[in-house]
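Trainee: need a structure here:
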Amino acid sequence: MKDICCRRSNVSTRRGFTLIELLVVIAIIALLISILLPSLGAARKTAWNVICQSNLKQIGIAIQGYMDDQKDPQFMSLRGEIKTPGYPFPPNLKPRYHVGVVSILQPYLSEAGSKPFDCPAAKGLSSVRDPINIEYLTGGLRIYTLPVGDPEAPVTTYTEYFFNDSVRVDTAPSGYATQVPHGVSTQKIRLMKRPDAVVWSMDGLDEFPRHQPRTIRNATGVLTGRSSGTSNLLFGDQHIESKTYEEYQDGTDQYGSYATFYNWGHAYAKNR
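Mentor: The predicted structure follows:
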(Lines give C-alpha, C1' and ligand atoms only; values in the text may rest on other atoms or scores of the structure.)
Protein backbone atom coordinates (compact mmCIF):
# COMPACT_ATOMS: atom_id res chain seq x y z
CA MET A 1 0.00 0.00 0.00
CA LYS A 2 2.86 2.32 0.83
CA ASP A 3 4.48 1.61 -2.55
CA ILE A 4 1.26 2.50 -4.36
CA CYS A 5 1.03 5.79 -2.55
CA CYS A 6 4.61 6.64 -3.40
CA ARG A 7 4.02 5.91 -7.09
CA ARG A 8 0.92 8.08 -7.11
CA SER A 9 2.86 10.84 -5.41
CA ASN A 10 5.59 10.67 -8.07
CA VAL A 11 3.04 10.77 -10.86
CA SER A 12 1.30 13.78 -9.42
CA THR A 13 4.56 15.75 -9.30
CA ARG A 14 5.18 15.43 -13.07
CA ARG A 15 4.24 18.46 -15.16
CA GLY A 16 4.19 19.49 -18.87
CA PHE A 17 5.98 22.34 -20.60
CA THR A 18 5.00 25.83 -19.62
CA LEU A 19 3.78 28.28 -22.24
CA ILE A 20 7.05 30.19 -22.10
CA GLU A 21 9.08 27.01 -22.65
CA LEU A 22 6.96 26.10 -25.67
CA LEU A 23 7.35 29.58 -27.12
CA VAL A 24 11.14 29.38 -26.67
CA VAL A 25 11.27 26.01 -28.46
CA ILE A 26 9.12 27.32 -31.32
CA ALA A 27 11.31 30.41 -31.61
CA ILE A 28 14.47 28.27 -31.79
CA ILE A 29 12.92 26.04 -34.49
CA ALA A 30 11.83 29.09 -36.51
CA LEU A 31 15.34 30.55 -36.23
CA LEU A 32 16.92 27.31 -37.44
CA ILE A 33 14.51 27.14 -40.38
CA SER A 34 15.27 30.74 -41.37
CA ILE A 35 18.99 29.91 -41.34
CA LEU A 36 18.62 26.68 -43.33
CA LEU A 37 16.09 27.79 -45.96
CA PRO A 38 18.50 29.95 -48.04
CA SER A 39 21.01 27.09 -48.09
CA LEU A 40 18.32 24.61 -49.13
CA GLY A 41 17.13 26.99 -51.86
CA ALA A 42 20.64 27.43 -53.19
CA ALA A 43 21.20 23.67 -53.16
CA ARG A 44 17.98 23.15 -55.12
CA LYS A 45 19.01 25.71 -57.75
CA THR A 46 22.43 24.08 -58.03
CA ALA A 47 20.73 20.71 -58.61
CA TRP A 48 18.54 22.27 -61.30
CA ASN A 49 21.62 23.65 -63.03
CA VAL A 50 23.30 20.22 -62.97
CA ILE A 51 20.23 18.63 -64.59
CA CYS A 52 20.01 21.36 -67.22
CA GLN A 53 23.67 20.95 -68.11
CA SER A 54 23.28 17.18 -68.26
CA ASN A 55 20.39 17.53 -70.70
CA LEU A 56 22.41 19.98 -72.78
CA LYS A 57 25.30 17.50 -72.83
CA GLN A 58 22.97 14.75 -74.11
CA ILE A 59 21.77 17.11 -76.81
CA GLY A 60 25.38 17.80 -77.82
CA ILE A 61 26.07 14.07 -78.19
CA ALA A 62 22.87 13.72 -80.26
CA ILE A 63 23.89 16.60 -82.56
CA GLN A 64 27.28 14.96 -83.05
CA GLY A 65 25.55 11.66 -83.93
CA TYR A 66 23.28 13.49 -86.38
CA MET A 67 26.26 15.06 -88.14
CA ASP A 68 28.29 11.84 -88.09
CA ASP A 69 25.56 10.22 -90.18
CA GLN A 70 26.10 12.76 -92.96
CA LYS A 71 28.70 12.14 -95.70
CA ASP A 72 29.74 15.79 -95.66
CA PRO A 73 28.49 17.00 -92.25
CA GLN A 74 26.62 20.27 -92.10
CA PHE A 75 24.78 21.99 -89.28
CA MET A 76 21.00 21.66 -89.25
CA SER A 77 18.75 24.36 -90.66
CA LEU A 78 15.93 25.58 -88.41
CA ARG A 79 14.15 27.87 -90.86
CA GLY A 80 10.96 26.91 -92.63
CA GLU A 81 10.95 23.25 -91.59
CA ILE A 82 7.47 23.18 -89.98
CA LYS A 83 4.26 24.15 -91.73
CA THR A 84 1.86 26.42 -89.82
CA PRO A 85 -1.22 26.83 -92.03
CA GLY A 86 -3.25 29.90 -91.22
CA TYR A 87 -0.67 31.63 -89.03
CA PRO A 88 0.15 35.11 -90.43
CA PHE A 89 3.95 35.07 -90.55
CA PRO A 90 5.35 37.84 -92.79
CA PRO A 91 5.84 36.31 -96.26
CA ASN A 92 9.37 37.72 -96.60
CA LEU A 93 10.60 36.37 -93.26
CA LYS A 94 11.19 32.76 -92.22
CA PRO A 95 10.50 31.70 -88.62
CA ARG A 96 13.23 29.90 -86.71
CA TYR A 97 11.72 26.58 -85.67
CA HIS A 98 13.97 25.60 -82.77
CA VAL A 99 11.30 23.09 -81.75
CA GLY A 100 11.99 21.22 -85.01
CA VAL A 101 15.19 19.89 -83.45
CA VAL A 102 13.11 17.68 -81.15
CA SER A 103 12.15 15.47 -84.10
CA ILE A 104 15.51 15.84 -85.89
CA LEU A 105 17.47 14.54 -82.90
CA GLN A 106 14.92 12.02 -81.61
CA PRO A 107 16.69 8.99 -83.20
CA TYR A 108 19.89 9.95 -81.38
CA LEU A 109 18.41 10.36 -77.89
CA SER A 110 17.73 7.66 -75.31
CA GLU A 111 14.56 9.39 -74.07
CA ALA A 112 11.55 10.15 -76.24
CA GLY A 113 9.64 13.40 -76.57
CA SER A 114 10.60 16.75 -75.10
CA LYS A 115 12.05 15.43 -71.82
CA PRO A 116 15.73 15.73 -72.93
CA PHE A 117 14.93 19.31 -74.00
CA ASP A 118 13.56 20.29 -70.60
CA CYS A 119 15.28 22.34 -67.88
CA PRO A 120 13.85 22.42 -64.33
CA ALA A 121 15.31 25.90 -63.83
CA ALA A 122 13.07 27.22 -66.62
CA LYS A 123 10.07 28.52 -64.72
CA GLY A 124 7.67 31.40 -65.28
CA LEU A 125 9.20 34.19 -67.35
CA SER A 126 12.38 32.18 -67.91
CA SER A 127 10.44 29.37 -69.62
CA VAL A 128 9.48 29.23 -73.29
CA ARG A 129 6.23 27.51 -72.23
CA ASP A 130 4.88 30.51 -70.35
CA PRO A 131 1.82 31.75 -72.34
CA ILE A 132 3.15 35.32 -72.36
CA ASN A 133 6.49 34.12 -73.71
CA ILE A 134 4.88 31.90 -76.35
CA GLU A 135 3.17 34.98 -77.80
CA TYR A 136 6.33 37.10 -77.40
CA LEU A 137 8.60 34.52 -79.08
CA THR A 138 6.20 33.74 -81.91
CA GLY A 139 5.90 37.44 -82.69
CA GLY A 140 9.69 37.53 -82.94
CA LEU A 141 9.69 34.49 -85.30
CA ARG A 142 11.28 32.27 -82.64
CA ILE A 143 9.34 29.03 -82.33
CA TYR A 144 10.12 26.90 -79.26
CA THR A 145 6.73 25.25 -78.73
CA LEU A 146 4.02 23.41 -80.66
CA PRO A 147 1.28 24.02 -81.62
CA VAL A 148 1.89 27.44 -83.16
CA GLY A 149 -0.64 30.25 -83.15
CA ASP A 150 -2.54 29.94 -79.86
CA PRO A 151 -0.54 30.82 -76.71
CA GLU A 152 -3.33 29.40 -74.54
CA ALA A 153 -3.35 25.97 -76.24
CA PRO A 154 -1.71 23.10 -74.31
CA VAL A 155 1.94 22.70 -75.32
CA THR A 156 2.54 19.33 -76.97
CA THR A 157 6.22 19.66 -77.95
CA TYR A 158 8.89 22.08 -76.77
CA THR A 159 12.55 22.79 -76.27
CA GLU A 160 13.90 24.99 -73.48
CA TYR A 161 17.13 25.32 -75.47
CA PHE A 162 18.09 27.62 -78.33
CA PHE A 163 19.82 26.04 -81.33
CA ASN A 164 22.20 28.09 -83.40
CA ASP A 165 20.66 28.98 -86.76
CA SER A 166 22.69 32.01 -87.86
CA VAL A 167 22.44 32.44 -91.62
CA ARG A 168 25.29 32.45 -94.14
CA VAL A 169 27.04 35.82 -94.57
CA ASP A 170 29.71 36.37 -97.22
CA THR A 171 30.85 39.82 -96.08
CA ALA A 172 32.51 41.14 -92.94
CA PRO A 173 32.42 44.49 -91.11
CA SER A 174 34.50 47.29 -92.56
CA GLY A 175 38.23 46.64 -92.10
CA TYR A 176 37.87 42.88 -91.78
CA ALA A 177 37.97 39.96 -94.18
CA THR A 178 36.66 36.52 -93.33
CA GLN A 179 38.61 33.39 -94.17
CA VAL A 180 35.39 31.61 -95.22
CA PRO A 181 31.70 32.55 -95.35
CA HIS A 182 30.24 32.38 -91.86
CA GLY A 183 26.84 31.34 -90.58
CA VAL A 184 25.97 28.03 -88.91
CA SER A 185 22.70 27.16 -90.65
CA THR A 186 23.43 24.50 -93.34
CA GLN A 187 27.12 25.37 -93.12
CA LYS A 188 29.61 22.59 -93.87
CA ILE A 189 31.57 21.75 -90.75
CA ARG A 190 34.81 21.50 -92.73
CA LEU A 191 34.44 25.16 -93.72
CA MET A 192 34.35 26.39 -90.14
CA LYS A 193 37.62 27.96 -89.09
CA ARG A 194 37.43 26.95 -85.40
CA PRO A 195 34.65 24.34 -85.05
CA ASP A 196 35.44 23.78 -81.37
CA ALA A 197 34.44 27.39 -80.60
CA VAL A 198 31.09 27.27 -82.41
CA VAL A 199 28.09 27.64 -80.09
CA TRP A 200 25.78 24.73 -80.93
CA SER A 201 23.08 25.35 -78.37
CA MET A 202 22.28 27.28 -75.18
CA ASP A 203 19.46 28.11 -72.77
CA GLY A 204 16.46 29.44 -74.65
CA LEU A 205 14.93 32.85 -73.88
CA ASP A 206 18.27 34.14 -72.60
CA GLU A 207 16.75 37.59 -72.09
CA PHE A 208 15.66 36.15 -68.74
CA PRO A 209 18.64 34.13 -67.42
CA ARG A 210 17.46 31.10 -65.51
CA HIS A 211 20.56 30.19 -63.51
CA GLN A 212 22.22 31.60 -60.40
CA PRO A 213 23.64 35.13 -60.56
CA ARG A 214 27.38 35.52 -60.73
CA THR A 215 29.55 38.59 -60.21
CA ILE A 216 30.66 40.11 -63.53
CA ARG A 217 34.31 40.78 -64.37
CA ASN A 218 35.45 43.39 -66.87
CA ALA A 219 37.73 42.72 -69.87
CA THR A 220 40.83 42.71 -67.62
CA GLY A 221 39.29 40.25 -65.16
CA VAL A 222 38.53 42.78 -62.42
CA LEU A 223 35.23 42.40 -60.53
CA THR A 224 32.78 45.15 -61.47
CA GLY A 225 30.59 44.82 -58.38
CA ARG A 226 27.54 43.96 -60.51
CA SER A 227 25.94 40.55 -60.81
CA SER A 228 23.84 38.87 -63.46
CA GLY A 229 22.03 35.60 -64.01
CA THR A 230 23.77 33.12 -66.25
CA SER A 231 22.98 30.88 -69.23
CA ASN A 232 24.62 27.60 -70.24
CA LEU A 233 26.30 27.47 -73.65
CA LEU A 234 27.19 24.21 -75.48
CA PHE A 235 30.24 24.41 -77.77
CA GLY A 236 31.36 22.31 -80.72
CA ASP A 237 33.95 20.42 -78.68
CA GLN A 238 31.13 19.35 -76.33
CA HIS A 239 32.15 21.48 -73.36
CA ILE A 240 29.59 23.67 -71.55
CA GLU A 241 30.23 27.13 -70.14
CA SER A 242 28.04 29.25 -67.88
CA LYS A 243 28.13 32.89 -69.02
CA THR A 244 26.30 36.11 -68.24
CA TYR A 245 24.37 37.90 -70.99
CA GLU A 246 27.05 40.58 -71.06
CA GLU A 247 29.86 38.05 -71.45
CA TYR A 248 28.50 36.26 -74.49
CA GLN A 249 26.84 39.24 -76.18
CA ASP A 250 29.75 41.67 -75.83
CA GLY A 251 32.63 39.23 -75.39
CA THR A 252 34.59 37.09 -77.82
CA ASP A 253 35.67 33.49 -78.14
CA GLN A 254 39.16 32.29 -77.22
CA TYR A 255 40.38 32.96 -80.77
CA GLY A 256 39.29 36.59 -80.93
CA SER A 257 36.24 36.42 -83.20
CA TYR A 258 34.87 39.86 -84.06
CA ALA A 259 31.31 38.53 -84.28
CA THR A 260 28.46 38.00 -81.83
CA PHE A 261 28.45 34.66 -79.99
CA TYR A 262 26.33 32.85 -82.58
CA ASN A 263 29.10 33.40 -85.14
CA TRP A 264 31.99 32.45 -82.90
CA GLY A 265 34.23 29.82 -84.45
CA HIS A 266 33.99 31.03 -88.02
CA ALA A 267 34.15 34.84 -88.21
CA TYR A 268 37.65 36.24 -87.82
CA ALA A 269 39.91 38.98 -89.11
CA LYS A 270 42.14 37.93 -92.03
CA ASN A 271 45.19 37.53 -89.77
CA ARG A 272 43.46 35.02 -87.47
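Trainee: okay, CA-based contacts and neighbour counts for the rest of this
Mentor: Noted.
Trainee: give the contact list for G100.
Mentor: G100 makes contact with 78, 81-82, according to Cα atoms under 8 Å, 6 or more residues apart in numbering.
Trainee: helix or strand: which one has Y255?
Mentor: Here Y255 is covered by no helix or strand, with elements defined by DSSP states H and E.
Trainee: and the residue most central in space within the chain, what is it in contact with?
Mentor: Closest to where the C-alpha atoms of the chain average out (Cα atoms, centre = their mean) is D203, at 2.4 Å. By Cα under 8 Å, 6+ apart, the contact set of D203 is 160-162, 231-233.
Trainee: could you dump those into CSV with secondary structure, distance to K57 and pLDDT added?
Mentor: Listed next are the contacts of D203 as CSV, based on DSSP: H, G, I helix; E, B strand; the rest coil; distance: Cα to Cα, whole Å; pLDDT from 0 to 100:
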residue, secondary structure, distance to K57, pLDDT
E160, coil, 14, 96
Y161, strand, 12, 96
F162, strand, 14, 95
S231, strand, 14, 93
N232, strand, 10, 95
L233, strand, 10, 96
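Trainee: which of these sits closest to K193?
Mentor: L233 (19.1 Å; Cα to Cα).
Trainee: who's in contact with the closest one?
Mentor: Residues in contact with L233 (Cα under 8 Å, 6+ apart) are 199-203, 240-243.
Trainee: what about the helices in the stretch 151-272 of the chain?
Mentor: Using DSSP state H, counting those that start in this stretch, the helices of the stretch 151-272 of the chain run over residues 245-250.
Trainee: which residues of it fall in strands?
Mentor: Secondary structure of the stretch 151-272 of the chain by DSSP state E, counting those that start in this stretch: the strands cover 157-158, 161-163, 199-203, 211-217, 223-235, 240-244.
Trainee: winner for burial among these?
Mentor: Each of these was scored by mean neighbour count; the highest is strand 161-163, a mean of 26, by mean count of other Cα atoms under 10 Å.
Trainee: partner strands of that strand and their direction?
Mentor: strand 199-203 (antiparallel) (DSSP bridges).
Trainee: give me the neighbour count for K123.
Mentor: 12 (other Cα atoms under 10 Å).
Trainee: and what of the one 3 residues further on?
Mentor: Taking other Cα under 10 Å as the neighbour definition, S126 ends up with a count of 20.
Trainee: same check, this time on P91
Mentor: Neighbour count for P91, taken as other Cα under 10 Å: 6.
Trainee: am I right that it is in a helix?
Mentor: No - counting by DSSP: H, G, I helix; E, B strand; the rest coil, P91 falls outside a helix, being coil.
Trainee: residues touching it, list them.
Mentor: Applying Cα under 8 Å, 6+ apart, no residues qualify as near P91.
Trainee: quick check: it vs V128, distance?
Mentor: Per Cα to Cα, to the nearest Å, P91 is found 24 Å from V128.
Trainee: next one: I240 relative to F75, how far apart?
Mentor: 18 Å.
Trainee: do I have it right that D165 meets Y97?
Mentor: No - using Cα atoms under 8 Å, D165 is not in contact with Y97; the gap is 9.3 Å.
Trainee: those strands in the stretch 1-150 of the chain, which residues are they?
Mentor: Using DSSP E, counting those that start in this stretch, strands in the stretch 1-150 of the chain cover 96-97, 142-143, 145-146.
Trainee: by contact count, what packs against the last one?
Mentor: Put plainly, it is strand 145-146. strand 157-158 (3 or more Cα pairs under 8 Å, 6 or more residues apart in numbering; DSSP states H and E).
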